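Engineer: Let's see this in three dimensions:
(one chain, ligands or ions: 2)
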Amino acid sequence: MSDTHTGPFIAAIDQGTTSSRCIVFDKDGRIVSVDQKEHEQIFPKPGWVEHDAAEIWTNVQRVVAGALAQAGISKDDVKALGITNQRETTLLWDKNTGQPVHNAIVWQDTRTDALCHELGRNVGQDRFRRQTGLPLASYFAGPKIRWLLDNVEGLRERAENGEILFGTMDSWVIWNLTGGVNGGRHVTDVTNASRTMLMNLHSMEWDESICQSMGVPTAVLPEIRSSAEVYGEATGALAGVPVASALGDQQAALFGQTCFDKGEAKSTYGTGTFLLLNTGHEAVNSYNGLLTTVGYRIGEQKPVYALEGSIAVTGSLVQWMRDQMGLINSAAEIETLASSVEDNGGAYFVPAFSGLFAPYWRSDARGVIAGLTRYVTKAHLARAVLEATAWQTREIVDAMQKDSGVELTALKVDGGMTSNNLLMQTISDFMDAPVVRPMVAETTCLGAAYAAGLAVGFWSDTDELRANWKRAAEWTPRMDAAVRDREYKSWLKAVERTMGWIEEEN
Ligand SMILES: Nc1ncnc2c1ncn2[C@@H]1O[C@H](COP(=O)(O)OP(=O)(O)O)[C@@H](O)[C@H]1O
Ligand SMILES: O=P(O)(O)OC[C@H](O)CO
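Structural biologist: Ligands and ions are numbered 1, 2, ... in the order given. As a prediction, the model looks like this:
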């Protein structure tokens, strides 16, 4: 720990899609130490993605110990622990042994496509959207639970007998942290619960009729709590430290970016991209392909809702250019390559690798590069790759404006891709609004730390947190409007070409 940091501290665990990390923060919201560990991505079949939950729990314990050791502090210096996590990834485990009954099914997994179509036909899209805020899609946890209950022998009966627990990664980590088979708390928070497709968005409780339609016994479900309150005390390396927050990672980033006012938005550019707009205490229905979700709830206060635009493939397209195509040697190189040309040379790349998420929700779409001629070089493709992220952002911003009436005056950004200046400029150009990046780019962990700190009185209120937000960089639009409109039309034409590629879902 450097001399500039004085305790006490708040620690946060981010259990993400590709890795788990733990970060220790000081009172000013500055990072004191970080430890991180990747876990295996398991691909048993095309379209299937799984995680070993036991490996994840081992990694979580290691990074907590690592972050404390690096900071040179003991558990007594830590006033609270916050949890944030990859959302929707679904696990069922045995309450008596603590053993998972199957690998966790990851949010990107598409095995429940056919089931979702069936539910759409039998129950109806509208009912799910009205009651849960979500379109029927393989992305969410409910269909994944149903798949496990239908496909793991004897599981449904054990679940109905109360022997099995369900959780997204927040629940799994909290249950283990607070004692596991020896009295671990089986809880989740409203933001994670709002991604299951089983929670009623208005009552904030499990919706019995929806659970019945989904074929999920309520006996497996955790208790739904707020995002900032003490769920229990940790055991192990952090024994006695209050476990005091849980938020899905994108909601945590909204909190870490201090988007506490209605009309404030953030976009996180990582493997995928998730843009969330705070809509205050109103759950705004989407008629334009967005999700209605819970932004956060602090203790007994009224919940704050958000509209979300989720994009499945952004940073992972850059990885694909590097690993599968070999066109670049590092993710950062895409900027150098793309900057070597003036424009996209007429090429448009729509990375519908696993269908399209917002605002289309089309699982029958597949990736397309449109507009190819012999003129196009790999540099033009690199540019088209970055533009794909920027156009998808624009589409979501347009949908948000239609749904909420909010015209964004600025977009706060974070995540690994924000180190790419050309991309940030392009996003600002395509949106025709400023893009701003804060000093602390680890907004996900910071949001979980802030919520935990509020729960134990380490910070007094959200105004105090807002004062910690400091701008590091800003990009303002400088694109000619006529060029932007012409290019946008071409992008939308390319998107159309992706649709209907898969004729009948498995
Ligand atoms: N300079 C860059 N330009 C474009 N993409 C980048 C750059 N640096 C990293 N990325 C992409 O950002 C992603 C990593 O960001 P991160 O926020 O760590 O993601 P996650 O939390 O989803 O794992 C990777 O997919 C990588 O390809
Ligand atoms: O773990 P990340 O950062 O890839 O985020 C995943 C999202 O929560 C999926 O909804």
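Engineer: what are the phi and psi angles of Leu291?
Structural biologist: Reported as degrees, to the nearest 10, the phi and psi values for Leu291 are phi -100, psi 140.
Engineer: and Thr314, what is it in contact with?
Structural biologist: Neighbour list for Thr314: Tyr269, Gly270, Thr271, Gly272, Thr273, Pro351, Ala388, Thr389, Gln392, Met417 [criterion: C-beta atoms under 8 Å, 6 or more residues apart in numbering]. The C-beta positions use only the backbone N, C-alpha and C, and glycine is treated the same way.
Engineer: looking at those, which has the most residues close by?
Structural biologist: Of all the contacts of Thr314, the most densely surrounded is Gln392 (28 neighbours; neighbours counted as other C-beta atoms under 10 Å).
Engineer: name the element that residue belongs to?
Structural biologist: Gln392 belongs to helix 378-404 when elements are defined using DSSP states H and E.
Engineer: Same question for Gly29.
Structural biologist: Under the assignment given by DSSP H and E, Gly29 is not contained in any helix or strand.
Engineer: so it touches Gly447, yeah?
Structural biologist: No: when contacts are counted by C-beta atoms under 8 Å, Gly29 is not listed as touching Gly447 (10.2 Å).
Engineer: Of those two, which one has the most company?
Structural biologist: In this view Gly29 and Gly447 are compared by other C-beta under 10 Å, and Gly447 has more residues nearby, 32 against 25.
Engineer: By proximity to ligand 1, which residue of the stretch 1-150 of the chain wins?
Structural biologist: Thr18 (4.6 Å; C-beta to the nearest ligand atom).
Engineer: from what I can see that residue touches Glu40, true?
Structural biologist: No: under the criterion of C-beta under 8 Å, Thr18 lies out of contact with Glu40, with a separation of 9.8 Å.
Engineer: Show me what the element among helices and strands of the chain having the smallest mean pLDDT is in contact with.
Structural biologist: Among the helical and strand segments of the chain, the one scoring lowest on mean pLDDT, DSSP states H and E is helix 125-132, with a mean of 87. For helix 125-132, contacts defined as C-beta under 8 Å, 6+ apart pick out 119, 134-136, 194, 196-201, 207, 209-210, 213, 285.
Engineer: And those, which is closest to Lys412?
Structural biologist: Of all those, Ser194 has the smallest distance to Lys412: 21.4 Å, by C-beta to C-beta.
Engineer: Got the confidence number for the closest one?
Structural biologist: Residue-level confidence at Ser194 comes out at 97, pLDDT.
Engineer: For it, which residues are in contact?
Structural biologist: Thr132, Gly133, Leu201, Thr293, Val294.
Engineer: if we take these, which one ends up nearest to Arg471?
Structural biologist: Using C-beta to C-beta as the measure, the one of those that approaches Arg471 most closely is Thr293, at 26.6 Å.
Engineer: Doesn't the closest one belong to a helix?
Structural biologist: No: for Thr293, which was evaluated using DSSP: H, G, I helix; E, B strand; the rest coil, the result is strand, with no helix membership.
Engineer: All the helices of the stretch 301-450 of the chain, in order from the start?
Structural biologist: When secondary structure is read from DSSP state H, counting those that start in this stretch, the stretch 301-450 of the chain shows helices at 315-323, 333-339, 378-404, 421-431, 443-455.
Engineer: now those helices as a markdown table including distance to Thr279?
Structural biologist: Below are the helices of the stretch 301-450 of the chain laid out as a markdown table (distance: least, C-beta to C-beta, whole Å):
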| stretch | distance to Thr279 |
| --- | --- |
| helix 315-323 | 26 |
| helix 333-339 | 34 |
| helix 378-404 | 6 |
| helix 421-431 | 19 |
| helix 443-455 | 17 |
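Engineer: among these, which is the most enclosed?
Structural biologist: Most buried of the helices of the stretch 301-450 of the chain, by mean neighbour count (mean count of other C-beta atoms under 10 Å): helix 443-455, with a mean of 31.
Engineer: Let me know the average pLDDT across that helix.
Structural biologist: Here helix 443-455 scores 97 as its mean pLDDT.
Engineer: near ligand 1 at all, that helix?
Structural biologist: No: judged by C-beta under 6 Å from any ligand atom, helix 443-455 stays clear of ligand 1, getting no closer than 7.5 Å.
Engineer: Show me what that helix is packed against.
Structural biologist: Under the contact criterion of 3 or more C-beta pairs under 8 Å, 6 or more residues apart in numbering; DSSP states H and E, the helices and strands touching helix 443-455 comprise strand 9-15, strand 19-25, strand 78-85, strand 228-233, strand 242-248, helix 249-256, strand 265-269, helix 462-466.
Engineer: the inter-axis angle of the second one versus helix 443-455?
Structural biologist: Strand 19-25 and helix 443-455 meet at an angle of 50 degrees, taking axes from the mean of the first three to the mean of the last three C-alpha atoms, to 10 degrees as the criterion.
Engineer: Send me the helix or strand following strand 19-25 as PDB with only the CA atoms.
Structural biologist: Scanning forward in sequence from strand 19-25 by DSSP H and E, the next helix or strand is strand 31-38. The C-alpha trace of strand 31-38 is given here as PDB (Å, rounded to 0.1, in the frame of the first residue of the first chain):
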ATOM      1  CA  ILE A  31      -7.800   1.900  -5.700                       C
ATOM      2  CA  VAL A  32      -5.400   0.600  -3.100                       C
ATOM      3  CA  SER A  33      -4.900  -2.900  -4.500                       C
ATOM      4  CA  VAL A  34      -6.200  -5.400  -7.100                       C
ATOM      5  CA  ASP A  35      -5.900  -9.100  -7.500                       C
ATOM      6  CA  GLN A  36      -7.400 -11.000 -10.400                       C
ATOM      7  CA  LYS A  37      -7.700 -14.600 -11.600                       C
ATOM      8  CA  GLU A  38      -9.100 -16.000 -14.900                       C
END
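Engineer: Perfect, I'm done here.
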